[in-house]
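Q: kindly return the folded structure for what I paste below:
(one chain, ligands or ions: 2)
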Amino acid sequence: MVDKKLGGAGLRGQSAGETSLCTVGKSGSGLTYCGYDVSDLAENATFEEVAYLLFYGELPNQEQLDSYRDQLKSMQDLPEALKNVLRLVPASAHPMDVMRTGASFLGNVEPEASFDDQLTAANRLLAAFPAIMCYWYRFSHDGVEIDCTSEEIGLGGHFLKLLTGKTPSDLHRRVMDVSLILYAEHEFNASTFTARVCASTLSDMYSCITGAIGSLRGPLHGGANEAAMDMIQGFTSPEDAKLQMAGMLERKEKIMGFGHAVYRTSDPRNGIIKAWSEKLAKEFGDTSLYDISVACEEYMWDTKKLFCNADFFHASAYHFMGIPTKLFTPIFVCSRITGWAAHVMEQRENNRIIRPSADYIGPEPRAVLPIASR
Ligand SMILES: CC(=O)SCCNC(=O)CCNC(=O)[C@H](O)C(C)(C)COP(=O)(O)OP(=O)(O)OC[C@H]1O[C@@H](n2cnc3c(N)ncnc32)[C@H](O)[C@@H]1OP(=O)(O)O
Ligand SMILES: O=C([O-])CC(=O)C(=O)O
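A: Ligands and ions are numbered 1, 2, ... in the order given. I've put the predicted structure just below:
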């Protein structure tokens, strides 16, 4: 096997444009949305306020927030044609493929006719994603056709209500809200960059978001929260976790939920979701999965100086709330639609088609031999 050449690979550290939406790792480990620290937002705001901030540039006042929530509420239900499509998708499908189909199909029946409709398209996707996921999940797994609307005020609670059919507890509502805030935006990560590349061709919002979902699906990006869950469920104790992780590192396997392309010493979202995961573990009445997760964190830092990224403690937190593992990455979509759409709109404001160059390393020019002589 040839040694991996990193060089300019992955465009790491190179600027690929300007943004006023977000800074990542600017002061070592910080994360800000439109100038606000993510920990401040996670403590003092709701997800709908953050969505409003990313879409309209400023946090809403109470009146603006109330009317924004009403607007999102009026956009939560799915068109009958989309429900018909979702009923055809088998239970064996990957839920991220369902999200991708849902976004793409919505673009067929409610197309973004012009860029003047961009905010309507963005808000429609934001409001409809929980129903796209839960309508398909409940129909394909339980044979139940759910009502896609709910009385829940926030999108996090709305998602939990659609998934379980039960009114969520205040703790679960708040953790979902915080989780959606933490996942909302992250500068030029792979999925957002996908959305911007698509936007740069002057394509429509639904195409940009559909492409971004495809990029988020992979285990090196959003798919890591599911992969981390599968991993920690295979450990029987903190000691077993350390033993098995040693073997994985020995075999040069990637440990999902650790490391980051930009942060060097910590991911500022980790401490926040970790604290909520601990609270949930206590409420759950069995802290073993949380204790195992902490052992993984300590072991990876001690042996490799690798730290947990946003995905790692999300795994146990979602698990304690009873969310099936395969829905973890789709929840990321329900949140990151805000960052993606904000970047699409920003790209359109000052657009030039994104088209980098490549260093050619193929054969020298040569002539096509007649087929009989090859
Ligand atoms: C919300 C998010 O999307 S956060 C990211 C979620 N993804 C994951 O958790 C997947 C696991 N992590 C990784 O694969 C990586 O750390 C990435 C994809 C996040 C970043 O990749 P890079 O920028 O290439 O990482 P970086 O340059 O810091 O790492 C270099 C080396 O560190 C090691 N390393 C980094 N992360 C890990 C890890 N999780 N497990 C084991 N070794 C690792 C590897 O030896 C890597 O070398 P490689 O080229 O052989 O893969
Ligand atoms: O920025 C990245 O490369 C990945 C990430 O953490 C995110 O998208 O939230």
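Q: what's near enough to touch the residue of the chain found nearest ligand 1?
A: As assessed by C-beta to the nearest ligand atom, ligand 1 sits closest to Gly259 within the chain, at 2.4 Å. From N, CA and C alone the C-beta is placed, and that goes for glycine too. Contact partners of Gly259, counting by C-beta atoms under 8 Å, 6 or more residues apart in numbering, are Leu306, Phe307, Asn309.
Q: buried subset of those?
A: Leu306, Phe307, Asn309 (16 or more other C-beta atoms under 10 Å).
Q: in a markdown table, list the contacts of Gly259 along with pLDDT.
A: Formatted as a markdown table, those follow (pLDDT from 0 to 100):
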| residue | pLDDT |
| --- | --- |
| Leu306 | 97 |
| Phe307 | 98 |
| Asn309 | 97 |
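Q: in stretch 85-105, what's buried?
A: Those would be 85-86, 89, 95-96, 98-105, for stretch 85-105 by 16+ other C-beta under 10 Å.
Q: rebuild the residues you listed as TSV, extending it with secondary structure and pLDDT.
A: Below are the buried residues of stretch 85-105 laid out as TSV (DSSP: H, G, I helix; E, B strand; the rest coil; pLDDT from 0 to 100):
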residue	secondary structure	pLDDT
Val85	helix	98
Leu86	helix	98
Val89	coil	98
Pro95	helix	97
Met96	helix	98
Val98	helix	98
Met99	helix	98
Arg100	helix	98
Thr101	helix	98
Gly102	helix	98
Ala103	helix	98
Ser104	helix	98
Phe105	helix	98
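Q: tell me which helix or strand the closest residue to Ser74 other than its chain neighbours sits in.
A: Among residues not flanking Ser74 along the chain, Ala127 sits closest, at 8.0 Å (C-beta to C-beta, 6 or more residues apart in numbering). According to DSSP states H and E, Ala127 maps onto helix 118-142.
Q: hmm, back to that, just give me the closest of the buried residues of stretch 85-105 to ligand 2.
A: Looking across the buried residues of stretch 85-105 and measuring by C-beta to the nearest ligand atom, the closest to ligand 2 is Met96, at 14.8 Å.
Q: can you pull out the helices in the stretch 101-250 of the chain?
A: Here the stretch 101-250 of the chain has its helices, by DSSP state H, counting those that start in this stretch, at 118-142, 155-164, 170-183, 190-200, 205-216, 224-233, 238-250.
Q: just to revisit the earlier point, look up phi and psi at the residue of the chain closest to ligand 1.
A: phi 90, psi 160 (degrees, to the nearest 10).
Q: need the pLDDT of it.
A: According to the prediction, Gly259 has pLDDT 97.
Q: look up how far ligand 2 lies from it.
A: To ligand 2, Gly259 is 10 Å away according to C-beta to the nearest ligand atom, to the nearest Å.
Q: what of Ser373?
A: 49 Å.
Q: again with Asp230
A: Separation of Asp230 from ligand 2 (C-beta to the nearest ligand atom): 19 Å.
Q: that residue reaches Thr325, doesn't it?
A: Yes. Under the criterion of C-beta atoms under 8 Å, Asp230 makes contact with Thr325 at 6.9 Å.
Q: more neighbours, those two?
A: For Asp230 versus Thr325, neighbours defined as other C-beta atoms under 10 Å are more numerous around Thr325 (17 against 12).
Q: about what we covered before: ligand 1 next: which of the contacts of Gly259 are close?
A: Leu306, Asn309 (C-beta under 6 Å from any ligand atom).
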